[in-house]
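1. Curious how this folds, go ahead:
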Amino acid sequence: MKAAGAAPSRSGTSEFKDLARRRRTGPRNIRIAPRRLRRFAREGAAEELDLDVRMRSAADKDYIDVQSRPERRSAVKVLLFLGVGGSMDWHGQQAEQLFSAAKSQFKRLKHFYFHNCLYETVWKNNRRRDSERLETRDLLNSYGRDHRAIFVGDASMSPYEILSPGGSVEHLNPEPGKLWLERAVLTWPHAVWINPSPADHWRHSQSTAIIADIFLHRMYPLTPDGLEAAMRALAA
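-> Below you'll find the predicted structure:
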């Protein structure tokens with residue numbers, strides 16, 4: 001993603017890297033992300049046998065009392081849309097850590113990549129993103145309202161990339177990105193946008209304000225408190 005007002009480039013030569021392949025350790029704010037995600041993941045999860053409680057109960061009562069607890073990895077269905085390239089490269093380490101945390105907590109996690117704004121296609125593999133794209137409309141039709149959708153991006157771009165047909169810096173999109181974001185929020189009412197840029201910078205970005213409005217102001221910073229608030233919104 002790029003700063004508002006920057007000149008567009010349609011070269012399409014950006015080399016995006018798969019976040020799934022990175023394993024660097026991030027700052028403390030992101031290292032504690034699993035704690036926030038785990039709290040959400042345990043809500044309503046299927047139960048697993050609590051062996052610690054069972055063994056203590058057997059020792060105290062001379063018989064086995066079966067105890068259970070929510071399983072560590074929730075059955076909740078999560079769609080993770082990761083913004084890559086451009087100014088998101090500056091936030092790569094934070095995004096990697098969030099992705100790693102989500103993978104560790106949600107066993108029903110599907111992830112996809114996009115650049116700047118959501119358009120008619122996304123992709124799963126950055127190295128083959130030009131040849132193996134997925135139709136966004138197919139995702140909207142395949143994954144129902146019971147899915148939780150998390151979009152991760154700095155939302156920093158020229159407003160026309162969101163508002164105009166042909167606004168994408170990589171291709172001539174026939175429909176504006178705004179329309180695809182609105183469809184996503186309509187399809188997945190439990191949708192949030194997590195923004196790695198400092199929240200006090202958002203007011204200086206018109207594109208950030210536009211996306212925050214589309215997401216009904218469910219935009220949260222990639223901080224411990226922001227993740228806490230995002231998980232509460234997903235669980236609502």
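2. which residues of the protein fall in helices?
-> 28-31, 33-42, 51-61, 92-105, 136-142, 160-163, 177-187, 206-214, 224-235 (DSSP state H).
3. Flag whichever of those has the least confidence on average.
-> With a mean of 47, helix 51-61 has the lowest mean pLDDT of the helices of the chain.
4. list the buried ones in stretch 156-168?
-> Of all the residues in stretch 156-168, those buried under the rule 16 or more other C-beta atoms under 10 Å are S156, M157, S158, P159, Y160, E161, I162, L163, G167, S168. Placement of C-beta: from N, CA and C, glycine included.
5. Let's have the residues you listed in CSV, adding distance to I211.
-> Output for the buried residues of stretch 156-168, formatted as CSV (distance: C-beta to C-beta, whole Å):
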residue, distance to I211
S156, 10
M157, 9
S158, 13
P159, 10
Y160, 14
E161, 11
I162, 7
L163, 11
G167, 13
S168, 15
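6. Closest one of the residues you listed to K77?
-> I162 (26.9 Å; C-beta to C-beta).
7. Correct me if wrong: the closest one contacts I211.
-> Yes: with contact defined as C-beta atoms under 8 Å, I162 counts as touching I211 (6.8 Å).
8. Pull up the overlap in contacts between the two.
-> Counting by C-beta atoms under 8 Å, 6 or more residues apart in numbering, the common neighbours of I162 and I211 are C117, L181.
9. related to what we said a few turns ago, of the buried residues of stretch 156-168, closest to N195?
-> S156 (9.0 Å).
10. List phi and psi for that closest one.
-> phi -100, psi 110 (degrees, to the nearest 10).
11. Look at the residue nearest to P198 when sequence neighbours are not counted and report its pLDDT.
-> The shortest distance from P198 to any non-neighbouring residue, by C-beta to C-beta, 6 or more residues apart in numbering, is to P221 (6.9 Å). According to the prediction, P221 has pLDDT 94.
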